[in-house]
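J.: With the input below, show me the fold.
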Amino acid sequence: MATLKREVLAERVRKVKPSGIRKFFDIINTMPQVISLGVGEPDFVTPEHIRQAGIRSIEQGHTQYTSNYGTLELREEIAAMLKRRYDVSYDPATEVLVTVGVSEGVDLAMRTLIDPGDEVISPDPGYVAYEADIVFAGGVPVPVPTYAQYDFGVRAAEIAAAITPRTKMILLGNPNNPTGATIPRVELEAIARLAHEHDLIVVVDEVYSRLVYKGEHVSIAALPGMRERTVVLDGFSKAYAMTGWRIGYMVAPSSILEAMLKVHQYTIMCAGTAPQEAALQALRHGEEDVARMFGDYTRRRQMFVEGLNRIGLTCCEPGGAFYAFPSIVSTGLSDEQFAEKLLFEEQVAVVPGSSFGSAGQGYVRCAYCTAYDQLEEALVRMERFVQKYQ
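T.: I've put the predicted structure just below:
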C-alpha cells in the first residue's frame with residue numbers, strides 16, 4: 001500500500017498538543033473505583049422539568065432545523081435575562097446566536113475575528129481550548145501569567161505589558177477554569193480602558209457566571225463603552241447541569257455576530273432543537289434549581305478547600321466555578337508525576353496544572369463538583385498520599 005510522501009496534517013494542528021484533561025479521562029474510564037476530581041462535570045442530573053421539556057420537544061415532532069441563529073423564543077429569553085442581570089440590551093433578532101456549547105462559541109470567535117499573525121492575550125493558567133482555538137485560527141497566543149499570591153486573578157497591568165502592535169484581542173474566562181479566580185470590577189475597568197486605548201476586542205467566557213461565591217458577577221460588556229467591543233460567551237452546562245445537551249450562546253454587536261453566523265451556518269447549521277427547548281425551560285423555570293445546586297457547591301467548596309490546606313496542599317479560596325487549584329510543590333513531585341501517582345496509588349483523579357499553561361506547573365486542578373462524601377474520601381486518600389511524599 002503506497003504511503004503519502006508529503007506531511008498530511010496541517011501545521012496548525014500539529015502545533016497543538018492533545019488535551020491533558022482527556023488523557024486522564026480516558027484512563028479513569030478503565031478504573032471503576034476512581035474518585036474523579038478531573039473533569040468539570042456536575043454530578044447533578046439535569047433537573048426533571050428541563051429533561052421533560054426536551055422529551056416533549058421530540059415527542060411533539062420538533063425535529064427540524066431551527067433558524068441558524070437559534071429559535072427566536074430562546075434568543076428573546078436570553079436577551080431578557082441579560083437585561084435583568086447586567087442592564088445591557090441585545091437585539092434577539094440580530095445580536096444573539098445559539099451555539100453548540102460555549103466550546104463552539106470560542107472557536108467561532110477566534111475564526112471570525114483573528115487573522116494569521118494576530119496576537120491574542122489570555123491569562124495563564126486558562127481553559128485548555130483557548131490556546132488551541134487561537135492556533136487553529138492562525139493566531140498567536142500570548143499567555144499572561146497569574147499568581148497564587150493574587151488568588152490567580154488576572155491584572156490589567158500585566159495585560160498592558162503584553163500588548164504589542166499585533167495585539168487584536170483579549171480573551172478572558174471569568175470565572176476562570178482551572179483556578180476559580182474571578183476578576184474584580186476594578187481590574188475589569190482597567191482592562192476596559194486598555195481595550196479602548198489600543199482598540200482591542202474583548203471575548204469573555206462567562207459559563208461559570210452563576211457560580212460566583214463572593215459578591216456579584218460583573219460582566220465587562222456592561223461597563224461604559226464596552227458593549228460594542230465585547231463578545232460574551234455563556235451557556236447552560238454548568239449552572240443547569242446540562243453538559244451533555246451541548247447548548248450555549250454568544251452575544252455581540254450585530255456587525256460582529258452576523259460574521260460569526262456565516263461561520264456557524266457553514267459548519268454547524270444550528271444547535272439541536274430539543275436542547276434549545278430544554279434551555280428555554282431552564283431560563284424560564286430553572287432559578288430554584290440553580291440556587292439549590294449553588295448552595296451545594298458552596299458547602300463542598302468550603303469543606304474541600306479547607307481540607308486541602310489542612311493536609312498540606314496550599315490552596316487559594318476560589319471565587320467562582322467549582323475548581324480548587326492547590327500547590328503540590330511540598331511533595332517534591334511535578335504536577336504530572338503527582339497526578340499520575342495519585343491516580344494509580346490512591347485512585348483519585350486530578351489534572352496537572354501544566355495542562356492549562358506553563359504558569360500551572362506545580363499545581364493540580366481538583367473539580368469539587370462530585371458528591372460531598374466522595375470529596376471527603378478523596379481528602380483521606382490524598383492526605384495518605386501526601387504524607388508518603390513529604
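
J.: you'd agree Val98 is up against Trp245?
T.: No: in this structure, Val98 is not within contact of Trp245 by Cβ atoms under 8 Å, at 11.7 Å. Any C-beta I mention is one placed from the backbone N, CA and C, and that applies to glycine too.

J.: out of these two, which sits in the busier spot?
T.: Set Val98 next to Trp245 and count neighbours by other Cβ atoms under 10 Å: Val98 wins out with 28 against 25.

J.: Show the average pLDDT along the helix or strand that contains the more buried one.
T.: Assigned by DSSP states H and E, Val98 belongs to strand 96-99. In this model, strand 96-99 has a mean pLDDT of 98.

J.: circling back: anything in contact with each of Val98 and Trp245?
T.: Both Val98 and Trp245 are in contact with Ala279, where contact means Cβ atoms under 8 Å, 6 or more residues apart in numbering.

J.: Look up the closest residue to Met242, ignoring the ones flanking it.
T.: Phe236 (4.3 Å; Cβ to Cβ, 6 or more residues apart in numbering).

J.: Mind jotting down where the helices sit in this structure?
T.: For the chain, helices defined by DSSP state H occupy the ranges 11-14, 20-28, 48-59, 72-86, 101-113, 128-136, 156-162, 185-197, 254-267, 273-285, 287-310, 335-346, 372-389.

J.: which residues touch the residue lying closest to Glu383 once chain neighbours are set aside?
T.: Residue nearest to Glu383 in three dimensions, not counting chain neighbours: Ile311, with 4.1 Å by Cβ to Cβ, 6+ apart. Residues counted as contacts of Ile311 (Cβ under 8 Å, 6+ apart) are 379, 382-383, 386.

J.: Which one (most neighbours) among those residues?
T.: The residue in the contacts of Ile311 with the most neighbours, by other Cβ under 10 Å, is Met382 (26 neighbours).

J.: Looking at the helices of the chain, which is nearest to Pro145?
T.: helix 156-162 (7.4 Å; Cβ to Cβ).

J.: residue ranges with poor pLDDT in the chain?
T.: Where the chain drops to pLDDT under 70, the residues are 1-6, 20-25.

J.: Which residue ranges make up the domains of it?
T.: Using automatic domain parsing, the domain ranges for the chain come out as 11-46+288-389, 64-284.

J.: and of those, who's closest to Ile55?
T.: Once those are compared by Cβ to Cβ, domain 64-284 is nearest, at 7.9 Å.

J.: Can you get me a residue count around Arg193?
T.: For Arg193, the count of nearby residues is 14 (other Cβ under 10 Å).

J.: can I get the contacts of Ile311 in a markdown table with distance to Gln33?
T.: Below are these laid out as a markdown table (distance: Cβ to Cβ, whole Å):
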| residue | distance to Gln33 |
| --- | --- |
| Leu379 | 17 |
| Met382 | 15 |
| Glu383 | 18 |
| Val386 | 20 |
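
J.: quick one: which of the residues you listed is nearest to Asp199?
T.: For the contacts of Ile311, the residue nearest Asp199 by Cβ to Cβ is Met382; the value is 47.3 Å.

J.: dump the residue contacts of that closest one.
T.: For Met382, the contacting residues are 308, 311, 313, 342, 346, 348, by Cβ under 8 Å, 6+ apart.

J.: 10 Å - rerun?
T.: 35, 37, 307-308, 311-313, 326, 328, 338, 342, 346, 348, 350, 364, 366 (Cβ atoms under 10 Å, 6 or more residues apart in numbering).

J.: and if you look at Gly353?
T.: 20, 125, 178-179, 325-328, 334-336, 338-339, 359-365.

J.: The same query, at a cut-off of 6 Å, please.
T.: Gly353 sits next to 335, 360, 363-364 when contact means Cβ atoms under 6 Å, 6 or more residues apart in numbering.

J.: how much space is there between it and Asn177?
T.: Separation of Gly353 from Asn177 (Cβ to Cβ, to the nearest Å): 12 Å.

J.: What distance do you get for the closest residue to Phe304 other than its chain neighbours to Pro318?
T.: Excluding the flanking residues, the one nearest Phe304 by Cβ to Cβ, 6+ apart is Tyr368, at 4.5 Å. Separation of Tyr368 from Pro318 (Cβ to Cβ): 9 Å.

J.: and if you look at Arg193?
T.: As judged by Cβ to Cβ, Arg193 and Pro318 stand 27 Å apart.

J.: that older thread, doesn't Tyr249 make contact with the residue nearest to Met242?
T.: No: counting by Cβ atoms under 6 Å, Phe236 sits too far from Tyr249 to count as a contact (8.6 Å).

J.: re earlier: among the domains of the chain, which comes closest to Ala53?
T.: domain 64-284 (3.6 Å).

J.: what separates that closest one from the chain centre, distance-wise?
T.: 9 Å (Cα atoms, centre = their mean, to the nearest Å).

J.: end-to-end on that domain?
T.: From its first residue to its last, domain 64-284 covers 23 Å (Cα to Cα, to the nearest Å).

J.: circling back: of the contacts of Met382, just the buried ones, PyMOL syntax please.
T.: PyMOL command restricting the contacts of Met382 to the buried ones, with burial defined by 16 or more other Cβ atoms under 10 Å:
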select buried, resi 35+37+307+308+311+312+313+326+328+338+342+346+348+350+364+366
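
J.: and the two most separated of the contacts of Met382?
T.: Using Cβ to Cβ, the two most remote members of these are Ile35 and Gly312, lying 19.0 Å apart.

J.: what's near enough to touch Val364?
T.: Listed by Cβ under 6 Å, 6+ apart, the contact set of Val364 reads 328, 335, 338-339, 350, 352-353.

J.: how about the residues you listed in CSV, adding distance to Val16?
T.: Listed next are the contacts of Val364 as CSV, based on distance: Cβ to Cβ, whole Å:
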residue, distance to Val16
Ile328, 26
Asp335, 20
Phe338, 24
Ala339, 21
Val350, 23
Pro352, 17
Gly353, 19
